[in-house]
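Colleague: got a structure for you, letters missing:
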């Protein structure tokens, strides 16, 4: 279940609420009981391991054709 971060305008506390995505915009009361809260925009961190070299770049001259304009070819 997704977690959403909120900040209370009354006591300046930051807290998280777990709820379904369908209820993501529903108001939330802070743990101290205040109702004047705002939903914060949270950054997502994704963990993992690095296996190979850097990801290939998209398009460009001499790029070997993968993506770019015209399905990988140069349109110039």
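Modeller: Received it, and whenever you're ready, just let me know what you need. All figures in this text were calculated on a predicted structure; none of them were measured in a lab.
Colleague: ok, residue 8 touching residue 28?
Modeller: No. Counting by CB atoms under 8 Å, residue 8 sits too far from residue 28 to count as a contact (9.2 Å). C-beta here means a position set from N, CA and C on the backbone, and glycine is covered the same way.
Colleague: any shared contact partners between these two?
Modeller: In terms of CB atoms under 8 Å, 6 or more residues apart in numbering, residue 8 and residue 28 are both contacted by the residues 15, 37.
Colleague: okay, now the unreliable bits of this protein?
Modeller: Applying pLDDT under 70 to the chain flags residues 51-76.
Colleague: the same query, at a cut-off of 80, please.
Modeller: 42-76 (pLDDT under 80).
Colleague: which residues touch residue 29?
Modeller: 35, 37.
Colleague: that one: what secondary structure?
Modeller: Look at residue 29: counting by DSSP: H, G, I helix; E, B strand; the rest coil, its state is coil.
Colleague: let me know how buried residue 11 is, in neighbour terms.
Modeller: Other residues lying near residue 11 total 13 when counted by other CB atoms under 10 Å.
Colleague: wait, it sits on residue 33?
Modeller: No. With contact defined as CB under 8 Å, residue 11 does not reach residue 33; the gap is 9.5 Å.
Colleague: leaving out chain neighbours, which residue sits closest to residue 32?
Modeller: residue 11 (5.4 Å; CB to CB, 6 or more residues apart in numbering).
Colleague: residue contacts, that neighbour?
Modeller: 30, 32, 34.
Colleague: buried set for stretch 17-37?
Modeller: Neighbour-count burial for stretch 17-37, counted by 16 or more other CB atoms under 10 Å, picks out 17, 28, 30, 37.
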